[in-house]
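Participant: From the sequence below, what's the structure:
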Amino acid sequence: MGTREIKSPEGGLVTPASLDGNPDSNHRKKLGLYFIESDDRRTAFGRGYTGGTTPVNIHGKPIADLSKTGGWIAAFFIFGNEMAERMAYFGLSVNMVAFMIYVMHRPFSSSSNAVNNFLGISQASSVLGGFLADAYLGRYRTIAIFTTIYLAGLTGITLCATMDILAPKQDHCDQLALLLGECEPAKPWQMTYLYTVLYITGFGAAGIRPCVSSFGADQFDERSKDYKSHLDRFFNFFYLSVTTGAIVAFTAVVYIQIKLGWGFAFGSLALAMGISNLVFFVGTPLYRHRLPGGSPLTRVAQVLVAAYRKRNAPFSSSELIGLYEVPGKQSAIKGSGKIAHTNDFRCLDKAALQLKEDGVDPSPWRLCTVTQVEEVKILLKLIPIPACTIMLSAVLTEYLTLSVQQAYTLNTHMGQLKLPVTCMPVFPGLSIFLILSLYYSTFVPLSRRITGHPHGASQLQRVGIGLAVSILSVAWAAIFERYRRNYAIEHGYEGSFLSAMSDFSAFWLLIQYCLIGIAEVFCVVGLLEFLYEEAPDAMKSIGSAYAALAGGLGCFAASILNSIIKSVTGSSEKPSWLSQNINTGRFDYFYWLLTVLSVINFCVFLYCARRYKYRTEQGVKMEKQILANIKEQSLSG
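Facilitator: Here you go, the predicted structure:
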């Protein structure tokens, strides 16, 4: 079979010495133009697979008539699953702290940390779901398995709220007894059961979070001229479904809890998840699938091992044949198209250096294709962007608990209607809903005039806008909290932190809520679209898992930061900044700390975003370089 050499437009292989010793950028850029295509290769990933644009049915067979599958109809069947998951996620986040305090008789600090850990696990575990989807199961089967696990966890939580044996006795436990710690505490085995089913629910999100958005985006044809427009609108509608789930959780579920009790509230979440599962499975004949590309971790490990083995092999070696790739337009990785060579992380290029000593059939642990090496490069280049959103997630997590404590001290009446305190987080959701509704009619036309971008702003610009607005939100929260605390002390409410101040409206909180809602729209939607488009074809779920992982790390960061602040600022003589009595604590100082951290994080993001090069830009640049070399050769000839 032999090998086929991709020739330089100038003829022959590039001079190896110019690749290693000469810093001249013109020579360094030419490395990717010279590589070897070989038919003599056995790989663990299979051969003969076309690019990631090839959709298949659930059995892995090509779809004969694409018009009968995919598109917006299939996407809407998928939206329902994410809506129910988000409804359960926010329903538990806003109700579980109160459930642990008022039913399980646990202190606020441990209840808050337990819920933060649940939020963190449900997002950080998405890396596992993304890995399983990309490596073995595919996105459809991963969603099907983990959504069932999620339903099982919700059912267990519902039983805890309905069966007396799973909770401590509630006799003689009024609000005063609860404050004095005189209520019967939950037994260790009861808390173990609750934590188990809670974390099972969080683990169930591992396969939903990274796969639903990617699976929905898979329903659109990359070869369509309207693909970019469809994809942009899809992620906006996708997040609209997320927001709808949150709004239902903060309103209907809270209302059910107040009127009918905890069992009905948690049961409604389980019922919604069960219905969404049924709808998801009903849509099965409509879905387009992508072939799982084999273990991405194995491919990453092979690149690292091969690069380490050849770490001492210079590009100037006389043994160098070229950079290795399989022939034609096909990739050696199922579900993936070929990826053009780039000059980033050049140390990893050594994994694709084909030397004479490699022989005709080298091990993938010694020689990797250019596409495989570029996959690893892309994963590394993506990390800084979602990492910069960890701070936003931490702020959102803090709002779920701290702003509720603020609301307890304020008047939540809207005319004659008194809103429950746990309903207050609905306002960020309503602001998100409004912004997404006006996004295409208002923001895109206005910003298009400024930026010239067809979608109003690039993906990274939208992430940056979100991070900037989050700074305004948390700064306003600090200013408002200082005013609220001083007002409470001046009017004799210092010790009555659970008593609402009748002449101080809770709707001042709407400013910080609406600002954080705007921040979430721009940052999260832009990030999801960015990761889906930039991730390698066979690693789309892992790319989406980056966003969920950042969210999970933000939850854990919030818990760690809370513990540090309580330890550093509290003592036997004075309460900590995060005292359970909000009127003697200093939540305003804590919000200012979050503001400073957010500003630092934003500066880091600006640096990372400025250095990042989109894959499409790199491909166009590479094509221009090739055409320039061809033109130069024709002129010199």
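
Participant: From now on I want contacts and neighbour counts done on CA atoms only, so please keep to that.
Facilitator: Fine.

Participant: Do I have it right that M104 meets P188?
Facilitator: No. M104 is not in contact with P188 according to CA atoms under 8 Å; the separation is 10.7 Å.

Participant: Which one's more surrounded, the two?
Facilitator: Neighbour tally, M104 and P188, criterion other CA atoms under 10 Å: the higher count belongs to M104, 26 against 9.

Participant: Number of residues surrounding the closest residue to that one other than its chain neighbours?
Facilitator: Nearest non-adjacent residue to M104, counting by CA to CA, 6 or more residues apart in numbering: A186, 5.2 Å away. Counted with other CA under 10 Å, the neighbours of A186 add up to 18.

Participant: wait, what's in contact with A186?
Facilitator: Counting by CA atoms under 8 Å, 6 or more residues apart in numbering, A186 makes contact with 104-106, 167-168.

Participant: So which of these belong to strands?
Facilitator: Within the contacts of A186, no residue falls in strands by DSSP state E.

Participant: rewinding a little: need phi/psi at the residue nearest to M104.
Facilitator: Torsion angles at A186 (phi, psi; degrees, to the nearest 10) stand at phi -70, psi 140.

Participant: What segments of this structure are strands?
Facilitator: In the chain, the strands defined using DSSP E lie at 3-5, 35-38, 320-325, 353-355, 410-411, 413-414, 417-418, 501-505.

Participant: For stretch 197-208, give the mean pLDDT please.
Facilitator: Mean pLDDT, stretch 197-208: 87.

Participant: Quick check, pLDDT for S125.
Facilitator: Confidence for S125, expressed as pLDDT, is 80.

Participant: who's M414 bridged to?
Facilitator: On the basis of DSSP bridges, M414 is bridged to L417.

Participant: Throw the strands of the chain into TSV and include distance to V254, mean neighbour count and mean pLDDT, thanks.
Facilitator: Formatted as TSV, the strands of the chain follow (distance: least, CA to CA, whole Å; neighbours: other CA atoms under 10 Å; pLDDT from 0 to 100):
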stretch	distance to V254	mean neighbour count	mean pLDDT
strand 3-5	67	15	40
strand 35-38	61	22	48
strand 320-325	57	22	77
strand 353-355	61	24	84
strand 410-411	18	22	82
strand 413-414	16	12	74
strand 417-418	13	9	72
strand 501-505	20	15	80
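
Participant: For those, give me JSON lines that also has distance to S363.
Facilitator: Output for the strands of the chain, formatted as JSON lines (distance: least, CA to CA, whole Å):
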{"stretch": "strand 3-5", "distance to S363": "16"}
{"stretch": "strand 35-38", "distance to S363": "14"}
{"stretch": "strand 320-325", "distance to S363": "12"}
{"stretch": "strand 353-355", "distance to S363": "11"}
{"stretch": "strand 410-411", "distance to S363": "68"}
{"stretch": "strand 413-414", "distance to S363": "70"}
{"stretch": "strand 417-418", "distance to S363": "69"}
{"stretch": "strand 501-505", "distance to S363": "69"}
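
Participant: thinking again about what came up before, pick the one among the contacts of A186 closest to R586.
Facilitator: R106 (23.1 Å; CA to CA).

Participant: What sits closest to that closest one if chain neighbours are left out?
Facilitator: M100 (5.6 Å).

Participant: quick one: contacts for the one you found?
Facilitator: 106-107, 111.

Participant: Neighbours of K338, how many?
Facilitator: Under the neighbour criterion other CA under 10 Å, K338 is assigned a count of 24.

Participant: likewise P55?
Facilitator: With other CA under 10 Å as criterion, P55 counts 25.

Participant: rewinding a little: just the buried subset of the contacts of M100, written out for ChimeraX, thanks.
Facilitator: ChimeraX command restricting these to the buried ones, with burial defined by 16 or more other CA atoms under 10 Å:
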select :106,107,111
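
Participant: Least confident of the contacts of M100?
Facilitator: Lowest pLDDT of the contacts of M100: P107, 75.

Participant: From A557, how far off is it?
Facilitator: Using CA to CA, to the nearest Å, one gets 21 Å for the distance from P107 to A557.

Participant: Show me this structure divided up by domain.
Facilitator: Domain assignment for the chain by the TED database gives 60-292, 296-373, 378-627.

Participant: Contacts only, for the nearest residue to R449 once chain neighbours are set aside.
Facilitator: Counting by CA to CA, 6+ apart, R449 lies nearest to G456, which is 7.8 Å off, once chain neighbours are set aside. Applying CA under 8 Å, 6+ apart, we find G456 in contact with 443-449.

Participant: list the contacts for the spatially most central residue of the chain?
Facilitator: In the chain, the residue lying closest to the centroid (CA atoms, centre = their mean) is A547, at 1.9 Å. Each residue near A547 by CA under 8 Å, 6+ apart is listed here: 386, 524, 527-528, 531.

Participant: again, but for P55
Facilitator: Taking CA under 8 Å, 6+ apart as the criterion, P55 is in contact with 62-63, 288-291.

Participant: what's the most distant pair in these?
Facilitator: I63 and L291 (12.6 Å).

Participant: more neighbours, these two?
Facilitator: The residue with more neighbours, out of I63 and L291, is L291; 27 against 16, by other CA under 10 Å.

Participant: Please tell me I have it right and the more buried one contacts D218.
Facilitator: No. Contact criterion CA under 8 Å: L291 and D218 do not qualify, at 11.2 Å.

Participant: Count the neighbours of T147 for me.
Facilitator: 27.

Participant: Ignore what I typed, I meant K228.
Facilitator: Counted with other CA under 10 Å, K228 comes out at 16.

Participant: pLDDT score for it?
Facilitator: 76.

Participant: what stretches of the stretch 1-150 of the chain score poorly on pLDDT?
Facilitator: 1-54, 109 (pLDDT under 70).

Participant: make it 50
Facilitator: 1-29, 32-52 (pLDDT under 50).

Participant: same check, this time on the stretch 201-350 of the chain
Facilitator: For the stretch 201-350 of the chain (pLDDT under 50), the answer is none.

Participant: make it 80
Facilitator: Under the criterion pLDDT under 80, the flagged ranges of the stretch 201-350 of the chain are 209-210, 221-229, 232, 291-295, 313-322, 326-337.

Participant: what's the neighbour count on M191?
Facilitator: 18.

Participant: scratch that, Y193 is what I was asking about
Facilitator: Y193: 16 neighbours (other CA under 10 Å).

Participant: can you pull the contacts of it?
Facilitator: With CA under 8 Å, 6+ apart, Y193 has these contacts: L166.

Participant: Model confidence for the residue nearest to M104, exactly?
Facilitator: Residue-level confidence at A186 comes out at 80, pLDDT.
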